[in-house]
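Visitor: Requesting a structural model of the entry that follows:
(chains A, B, C, D and E, ligands or ions: 4)
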Amino acid sequence: MGANPKISIRELTKVFYKKQNSVTALENISLDIEEGEFVCLVGPSGCGKTTLLRILAGLENQSSGDFKIERSTIERPNQSMVFQERGILPWLTVEENVAFGLKMRHLPKSYVKERTTYFLNKVGLAKFANMYPKELSGGMKQRVSIARAFANDPEILLMDEPFGALDEQNRYILQEELLSIWSETKKTVLFITHSIDEALYLSDRVLLMSAQPGKIMEEIKVDLPRPRKLEDIRSNPEMASKFIDIWGHLQVEVQGSRL
Amino acid sequence: MGANPKISIRELTKVFYKKQNSVTALENISLDIEEGEFVCLVGPSGCGKTTLLRILAGLENQSSGDFKIERSTIERPNQSMVFQERGILPWLTVEENVAFGLKMRHLPKSYVKERTTYFLNKVGLAKFANMYPKELSGGMKQRVSIARAFANDPEILLMDEPFGALDEQNRYILQEELLSIWSETKKTVLFITHSIDEALYLSDRVLLMSAQPGKIMEEIKVDLPRPRKLEDIRSNPEMASKFIDIWGHLQVEVQGSRL
Amino acid sequence: MKDIKKSIETEKQEWRKQQTQQRLKTSLTIVSPICLLLIWQCLSQSGLIDARFFPPPTAIITTFIEMLKSGELYYHITISLSRIIGGFLLGVIPGIILGLCMGLYAPIRHFISPIIMALMPIPTLALLPIILIIFGIGEGSKVVTIAGSVFFPVVINTVAGVISIDSIYLDVAKNYGASRKEFFLKIALPGSLPVMLEGIQMGQAIALLTIVAAEMMGARSGIGYLIWTSYSAFLLKEMFVGLILISFFGYIFSLFLRWMQRKLIPWR
Amino acid sequence: MKDIKKSIETEKQEWRKQQTQQRLKTSLTIVSPICLLLIWQCLSQSGLIDARFFPPPTAIITTFIEMLKSGELYYHITISLSRIIGGFLLGVIPGIILGLCMGLYAPIRHFISPIIMALMPIPTLALLPIILIIFGIGEGSKVVTIAGSVFFPVVINTVAGVISIDSIYLDVAKNYGASRKEFFLKIALPGSLPVMLEGIQMGQAIALLTIVAAEMMGARSGIGYLIWTSYSAFLLKEMFVGLILISFFGYIFSLFLRWMQRKLIPWR
Amino acid sequence: TGGETVKVNDDVSKDNPSGDLAPLSKKTKVVIAEDGSASGAGFYIAKEKGYFDDYNIEVEFATFSNSDDMLPALASGEVDIAGGISSASFFNAIAQGIDVKIIADKGHNVKGKSYFTFVLDVDKQDEIKDYSDLKGEKIAVSTEHAVDDYIFRKMLEHAGLKEDDVEFVLMPDFGNMLAAIGNDSIAAALQIEPLITQGVSEGIHVRFGDATDFAPEAQIAMVLGSPKFMEEEQDVSLRFMAAYLKGVRDYNDAFKKGEGKDEIIDIMTQYTALKDTAVWEEVFVTGLDPNGEMFVDDIRDQYEMYKKNGAIKGEFNFDEAVDTDITEKAVKIIGEYE
Ligand SMILES: Nc1ncnc2c1ncn2[C@@H]1O[C@H](COP(=O)(O)OP(=O)(O)OP(=O)(O)O)[C@@H](O)[C@H]1O
Ligand SMILES: Nc1ncnc2c1ncn2[C@@H]1O[C@H](COP(=O)(O)OP(=O)(O)OP(=O)(O)O)[C@@H](O)[C@H]1O
Ligand SMILES: [Mg+2]
Ligand SMILES: [Mg+2]
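Guide: Numbering: from 1, shown residues only, chains lettered A, B, ... in the order given. Ligands and ions are numbered 1, 2, ... in the order given. Presented below is the predicted three-dimensional model:
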């Protein structure tokens, strides 16, 4: 297993070039993520987290370096992305949104229907199947987005601050739900967040990135047993020290990158 | 002092009535806030926090009950509100936005200029005085909003989730700045938030509200000395237990109000 | 609890008061045209405005009823409606197709838009001879005249609609492996629909404005024909009947399009 | 570090390639009208289209230059421009004022909008006699004809603009104690400006479309006059010169309005 | 027949700049509505040659796309004089109480040289030789219930055709007729100069017979006067008419006798859209009676036809529509034309 990671990134560099002006967004990122691992990427704003995810998702090309996503035997898509709140299509109903990826793959109707219903039930949106996104709250929209990605059954899941716009309580509820689905499917997840609490609660490993140019600075293993409860993390002094550790690190980076 | 609170709310009730359908947003709220106190209001979504603030701000009328904001001798407005990110006027420059309240009061130009410059410097936006909001990041926009409210020098400040849309790091920086200005001006502040950490970090007192109909359920005094540091709160086991206390309370309310 | 009941009662009263006010306000919508007609009637009868040019509304209504009874009006209306609808469709459908193509493919957009921009300001009236040469004097030319004027706002708004689609939706489509055709049907078309429909609404307004010009070429019937021949023969009451019909159809069409909008973009 | 330099080089190449492509695409904007003219020239000279009705562009340009030299064109242009600008302003300014009033005061809105809706679909061509009776045959009637057609889109968009102002800005104004006048100047006016300007842009397009109709009553000069008299006398080259002028001014005006837009709403 | 209540200054003296009537004491403006057609020649020439100036009259032209638009302007006194065709519109307006008067000739066909006559698609000249050959063809006419319609019906009558033997195509713009013939949408049209000459030279159509074949005395266009101008300002209207007739006479001198033709053509190019002097040599010019006389009986026939076809709404006395007193008086003063 250790010899054949699910995602392996080697010396990935991304430069944005515009009119004599170049921004190095990512510099020499090398990274391995194991099958079934939940990895969080934390870093100051503008450090290149989104860029890394977009490269993995094939929405952007790297300037140099390589990455590889290990394929399993089953016929399934490489990766699916969970976008922020705006990422669900406003002109499709909840059900159509969840079925979107499956439909694009031209799978049999009955199969699409079955999987869609399954994941709608999982995120508790079965009752809202025929509603349009405008009628949903922010949290419900993110549920749709998550159901869509899981329904698509990709090799890996890429999540770019999916809960960034939610309030603390709703955020926690969604984190719980995400963990419950994840523990069932054991997908490999790369998750971006600004919230240290979120990272500690969700992940097996937290990767800390530096401000521009984005490099991976530190790696923090979170070996709390699962299923976890938020209270455990809050009352655990080891976690408190990890929090302060990451916090201090980010503070330096954020202050450094401020004008 | 205790006999004459800055804000006193007595049996305030607010009912929204529409087509045979009535929603009790606030029920019998009674509340005293001392001069110079920093009070945070925490509660599940839809419990009536915004409604209470809007009533105090004169943007909505209560159904029954009274409230009173004690006036000082100086000629100054009753209250000013800090809205969410969208609350600054996109067609005014940063400077004009900060000067907005003062201009509405027709104060002498030189005075307006002086106070505007003072608060622009305070929030570190002097360099951006002539820019339009579209060119600012979310955090900078909130700085403008805060500078505008403080420049207006009101009796009390009302803040409705001003940092809700920011990421954790920027949020902390703004919280720090807010506390620094507050400690200088010693304004009475009523602050709404969903973040328990934010409430614990900022306030002298946290008021917990119940889900619909909104009532004040509990009151938690935060007697940590000031100036505070986030690290102090995180490593302080008493604060951790307060956090879990509030958390548990909110969880019950949120779960109860979920469908 | 008594307190809450009292509060509900207070708010109920307040709500009722607002409802009444609201109803008063919306009733103004009916009052104002009546007011206008009454003033017109008074002015016309008292001679303050020239009744020869502005016959009193009662006289116009009498003429209207006569024309309705004789079946003349029915004839004009059906013909004009079929021209307007035909022209409208003939303008809207190619407009949407070209607009989508222009919106999706930058080279096409760059190539076509200067031509669109150059042709758009040319008044329909000045285009009549050219249309006549190309399409003859039959129904074709009338339909094309209307189509021509409907076409431009639809193209321009469709392009704007496609361009305004949030790039995140393009990313979603790409990430979930949408094919070219699926992208067109699932993203480009619905995404540009709201702005496109605004263009179609404008097109509808213009179609009506063009009917008089269109029916000045070899027509022997239609509301536009009725208007200009009545005017040419100095039959102003008949002309006003025509104008009122146009105005009425403007209202009906805009209701219809608003209904369409609700059906077509239920997600808004 | 060598690696980064290589990466920058790669991206630079990529960027250059895109720049070139971009430049190619925008060059299509110039290519397409030239193409059109060339095709027209060929078709016209080879007799595939009737040169009597579509004189070749070269012939039109010759006529254009002749008319320019004789000063005739200058005369028509200045007169038409002053009419268009006059009519435009006369339509836009009351349109904005009425639109703001309607947007801010619901009773006014409810009272006026049915009248606006009823009058809007009435074709300018049908209104000419009425305008003539009221405003006579002088410059007034021409300016009013243009103003009338500009007025409606401006009113409608101004109302839409005011209504679309985010209610949070109204709260801000109230919370910071803005007076009625300040509210008008600091919130309603700038807040409705973007949508209002779209209406003005539409108004500009319509002003040009109306110039021919406006100059059909008692005019002795102007581009519209040039177009219809040339056509009446079957002087098609002169007519095309007029059409090209209209098209050209449409382009200039839209450039001007876009510039205005940038100046007036720098916050967008 | 007109009201003679106004005292008119009609003393004649050779010493006046005009050689007859005295100039007006105050400069007076007269607004003439025109449609830019050649039949306004009398006005243009009188203005350019200073005949109006002699009477201290200042004229101003207002161009309309067609004569129907002139009626409201005439009725409201915006214009004093209009050149219009006889049409139901005109009689309807009078029936509505718009007291416009027909006062003088402004266009009739000259025998064999009609300026307002039928033209035929060049491609059809071999097929259609005679009026009766028009059977089954489409013919464009610019108005319904107006002189065009009248001439069209006269032609049908002459050819022995019934109304539904041919297809009447209503096309208000003469220019559009060229386009319609050009693309073979119609076979023939009732066309007007100078478009006839231009169409012929462009090879679009050919003249088809001559309107005088079947309507030798059709009154095509008339000078119309506003009620105020005719009743209250007779000092001005008399002088205006005298000057106009002088202009018409110069026109006749030029095109009938060839005297001073270059100068007249030069004036015509200034006032009409036809700028090519060579073409002016070819066109069949409008007949303008040097004494302003009209075919009043023909106008009455036209009126009867409109009425029969149900185009006239309302009642009025035809004779009140025609008022030639001023014209006759002006002729008396400036003398008969020979
Ligand atoms: N398309 C682009 N063109 C040019 N520069 C870009 C582009 N996309 C991103 N960048 C730059 O690359 C850097 C990294 O951006 P990225 O969006 O990946 O940051 P991030 O870590 O996701 O930030 P945040 O936490 O705010 O989402 C930034 O400096 C940004 O300005
Ligand atoms: N104008 C209104 N008309 C009718 N109901 C309203 C109105 N404003 C608020 N409400 C209702 O009152 C209740 C309280 O709303 P409020 O916005 O004060 O909640 P909140 O505590 O601010 O929620 P959040 O944390 O989501 O901002 C909700 O149930 C809401 O639906
Ligand atoms: Mg990002
Ligand atoms: Mg709220």
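Visitor: Can you tell me the SS state at the spatially closest residue to residue C:246 that is not a sequence neighbour?
Guide: Nearest residue to residue C:246, sequence neighbours excluded (Cβ to Cβ, 6 or more residues apart in numbering or on different chains): residue D:121, at 5.3 Å. C-betas here are computed from N, CA, C, even on glycine. Secondary structure, DSSP: H, G, I helix; E, B strand; the rest coil: residue D:121 is coil.
Visitor: Test my guess that residue D:121 contacts residue C:209.
Guide: Yes. At 6.7 Å, residue D:121 counts as touching residue C:209 under the criterion of Cβ atoms under 8 Å.
Visitor: Name the residues of the stretch 1-150 of chain C found near chain D, please.
Guide: Within the stretch 1-150 of chain C, the positions near chain D by Cβ under 8 Å from any Cβ of the partner chain are C:25-26, C:28-33, C:36, C:50, C:53-54, C:106-107, C:110-115, C:117-126, C:129-130, C:133.
Visitor: Now the buried members of the residues you listed.
Guide: Buried members of the residues of the stretch 1-150 of chain C next to chain D, scored by 16 or more other Cβ atoms under 10 Å in any protein chain shown, are C:25, C:28-29, C:32, C:50, C:53-54, C:110-114, C:117-126, C:129-130, C:133.
Visitor: out of those residues, which are inside helices?
Guide: Using DSSP state H, C:25, C:28-29, C:32, C:110-114, C:117-119, C:124-126, C:129-130, C:133 are the members of these that sit in helices.
Visitor: what about the longest helix seen in chain A, near chain B?
Guide: Using DSSP H, we find that the single longest helix of chain A is helix A:237-257. Yes. Helix A:237-257 reaches chain B (Cβ under 8 Å from any Cβ) through A:237, A:240, A:241, A:243, A:244, A:247, A:248, A:250, A:251, A:254.
Visitor: which other helices and strands contact that helix?
Guide: helix A:196-202, strand A:205-209, strand A:216-221, helix A:230-235, helix B:168-185, helix B:230-235 (3 or more Cβ pairs under 8 Å, 6 or more residues apart in numbering or on different chains; DSSP states H and E).
Visitor: Export these to TSV and append columns for distance to residue B:53.
Guide: Converted to TSV, the helices and strands packed on helix A:237-257 look like this (distance: least, Cβ to Cβ, whole Å):
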stretch	distance to residue B:53
helix A:196-202	27
strand A:205-209	36
strand A:216-221	39
helix A:230-235	28
helix B:168-185	16
helix B:230-235	25
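Visitor: Identify whichever of these lies nearest to residue E:267.
Guide: helix B:168-185 (82.1 Å; Cβ to Cβ).
Visitor: Which positions within that closest one qualify as buried?
Guide: Buried-residue list, helix B:168-185, by 16+ other Cβ under 10 Å: B:168-175, B:177-179, B:181-182.
Visitor: quick one: contacts for the residue in the stretch 1-150 of chain E positioned nearest to chain A?
Guide: Of all residues in the stretch 1-150 of chain E, residue E:65 sits closest to chain A, at 48.7 Å by Cβ to the nearest Cβ. Residue E:65 makes contact with D:216, D:217, D:228, D:232, E:35, according to Cβ atoms under 8 Å, 6 or more residues apart in numbering or on different chains.
Visitor: Where does pLDDT dip in the stretch 101-250 of chain A?
Guide: In the predicted model of the stretch 101-250 of chain A, no residue satisfies pLDDT under 70.
Visitor: For the residue of the stretch 151-300 of chain E found nearest chain D, give its distance to residue D:234.
Guide: At 3.4 Å from chain D, residue E:273 is the closest residue in the stretch 151-300 of chain E, using Cβ to the nearest Cβ. To residue D:234, residue E:273 is 9 Å away according to Cβ to Cβ, to the nearest Å.
Visitor: The two: which has the busier surroundings?
Guide: residue D:234 (26 against 22; other Cβ atoms under 10 Å in any protein chain shown).
Visitor: Name the SS class of the more buried one, please.
Guide: Using three-state DSSP, the structure places residue D:234 in coil.
Visitor: I'd assumed residue E:199 was in contact with it.
Guide: Yes. At 7.0 Å, residue D:234 and residue E:199 qualify as touching, with contact defined as Cβ under 8 Å.
Visitor: between these two, what contacts are shared?
Guide: residue E:178.
Visitor: Let me know whether residue E:157 touches residue E:215 as I believe.
Guide: No. Contact criterion Cβ under 8 Å: residue E:157 and residue E:215 do not qualify, at 9.5 Å.
Visitor: what about those two, which has more around it?
Guide: Counted by other Cβ under 10 Å, residue E:157 and residue E:215 do not tie: residue E:215 has more neighbours, with 27 against 14.
Visitor: which secondary structure element contains the more buried one?
Guide: Here residue E:215, judged by DSSP states H and E, is contained in no helix and no strand.
Visitor: Do a quick rundown of the strands in chain E.
Guide: Along chain E, counting by DSSP state E, strands occupy E:28-34, E:57-63, E:81-85, E:101-108, E:116-121, E:138-141, E:167-170, E:188-192, E:205-207, E:219-225.
Visitor: could you redo the ones you listed as TSV and give each row mean neighbour count, mean pLDDT and distance to chain C?
Guide: Listed next are the strands of chain E as TSV, based on neighbours: other Cβ atoms under 10 Å in any protein chain shown; pLDDT from 0 to 100; distance: least, Cβ to the nearest Cβ, whole Å:
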stretch	mean neighbour count	mean pLDDT	distance to chain C
strand E:28-34	21	87	15
strand E:57-63	19	86	16
strand E:81-85	26	85	11
strand E:101-108	27	88	15
strand E:116-121	25	91	13
strand E:138-141	24	90	7
strand E:167-170	20	87	5
strand E:188-192	26	91	11
strand E:205-207	20	91	14
strand E:219-225	27	89	13
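Visitor: Tell me which of those strands lies nearest to residue C:187.
Guide: Nearest of those (Cβ to Cβ): strand E:167-170, 49.4 Å.
Visitor: who does that closest one pair up with?
Guide: Using DSSP bridges, strand E:167-170 pairs in its sheet with strand E:138-141 (parallel).
Visitor: okay, how far is it across stretch A:188-203, tip to tip?
Guide: End-to-end distance for stretch A:188-203: 11 Å, by Cα to Cα, to the nearest Å.
Visitor: so does it get close to chain B?
Guide: Yes. Applying Cβ under 8 Å from any Cβ, one finds stretch A:188-203 in contact with chain B at A:194, A:195, A:196.
Visitor: Just confirm the first one contacts residue B:172, I think it does.
Guide: This points to residue A:194. No. At 10.5 Å, residue A:194 does not count as touching residue B:172 under the criterion of Cβ under 8 Å.
Visitor: Ignoring the adjacent residues along the chain, who's closest to the residue in the stretch 151-259 of chain A that chain C sits nearest to?
Guide: Nearest to chain C in the stretch 151-259 of chain A, going by Cβ to the nearest Cβ, is residue A:152, at a distance of 6.7 Å. Leaving aside its sequence neighbours, residue A:152 sits nearest to residue A:101 (Cβ to Cβ, 6+ apart; 3.4 Å).
Visitor: Right, I'll leave it there.
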